[in-house]
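**Q** the following block contains a protein sequence and its predicted model.
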Amino acid sequence: MDITIKNLTHLYHPNTPFERIALRDINLQIKSGSFVSVIGHTGSGKSTLVQHINGLLKPSRGEITVGDVTIKAREKAPRLKDLRKRVGLVFQYPEHQLFEETVEKDLCFGPMNFGLPLEEAKAKAHQALKLVGLPQDFLQRSPFDLSGGQMRRVAIAGVLAVEPEVIILDEPTAGLDPMGRRDILSLFERLHEEKAVTTIMVTHSMDDAAYYSDKVLVMDRGQVVMMDKPEHVFSDSKQLKQLGLDIPVTMNFLAKLNKKVHGQSVR
Ligand code: ADP
């Protein structure tokens, strides 16, 4: 599913004293099957942008097309439920949204909400748990008895159980230790590679943006300043510096970029 955004502007609290412009006239295209990282300062509009992709927010002006669904400003959004099934959103701290008494019930919630009968929902739940690398005997456990990292995986499995074609990750590794971070990111890398899931990841880590993405989208004050391959974005360090975005020029980072530039697999 390609994603096309045309002249997208978003205002919070329009026509009130609290009106705030969060996105200004954004135009961009994301190709089906690509991995895009979104970087930029806090408040630059990253979350607002990605929440338009599954219809959680609506454009104030302009439009967004995801596959065959177009959402336009000032028109009733069509087929929102369909869109939400096809575009999964993983927020920061997704484990805060766990609520059922067993992992299995939690994982069945999405598939059943989208109309699958219980037995089929259970099959999706079991598959999703496997995808996130947790054993099947977790199904009958309470999500609240698990470790933080395990809870995060269960919450992610809940999104995967619906089998979305596009996954949006809004800082999915917030609060995890380096091992936990690597595990979660390699899970999404695998999904992207093996199932061609279009992946859009908001991140503060330039390393992760350089390593995982086909394209890096740089945002500043509600606008897109660059959208290009990581090797191009990070080679223009002057512009990034002007934006005040720190680039951790570690050997690791340089080696990865170098390999990307020379077309070798970095994985
Ligand atoms: P980022 O994800 O890059 O940190 P956001 O999309 O969260 O940026 O925010 C973009 C702008 O919109 C900021 O100025 C922020 O203060 C404002 N904003 C975000 N959410 C709300 C909200 N619910 N109400 C009012 N303003 C908001």
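**A** Great, that's in hand.
**Q** ok, and what's touching the one helix or strand residue 83 maps to?
**A** Per DSSP states H and E, residue 83 falls inside helix 80-86. With Cβ atoms under 8 Å, 6 or more residues apart in numbering as the test, helix 80-86 has contacts from 1, 54-55, 66-67, 69, 71, 77, 114, 162, 164-166. Placement of C-beta: from N, CA and C, glycine included.
**Q** just curious, which of the residues you listed is nearest to residue 130?
**A** Closest approach between the contacts of helix 80-86 and residue 130, by Cβ to Cβ: residue 162, at 15.4 Å.
**Q** and the gap between the closest one and the ligand?
**A** 24 Å (Cβ to the nearest ligand atom, to the nearest Å).
**Q** so who does that residue touch?
**A** Residue 162 touches 85, 88, 110, 111, 114, 124, counting by Cβ under 8 Å, 6+ apart.
**Q** quick one: low-confidence residue ranges for the stretch 101-250 of the chain.
**A** Residues of the stretch 101-250 of the chain meeting the criterion pLDDT under 70: 246-250.
**Q** can you pull out the helices in it?
**A** Using DSSP state H, counting those that start in this stretch, the helices assigned to the stretch 101-250 of the chain run over residues 103-113, 118-131, 148-160, 178-195, 206-212, 230-235, 237-242.
**Q** nearest to residue 30, out of the ones you listed?
**A** Residue 30 lies closest to helix 178-195 among the helices of the stretch 101-250 of the chain, at 12.8 Å (Cβ to Cβ).
**Q** what is the orientation angle of that closest one with helix 148-160?
**A** Calculated by axes from the mean of the first three to the mean of the last three Cα atoms, to 10 degrees, helix 178-195 forms an angle of 20 degrees with helix 148-160.
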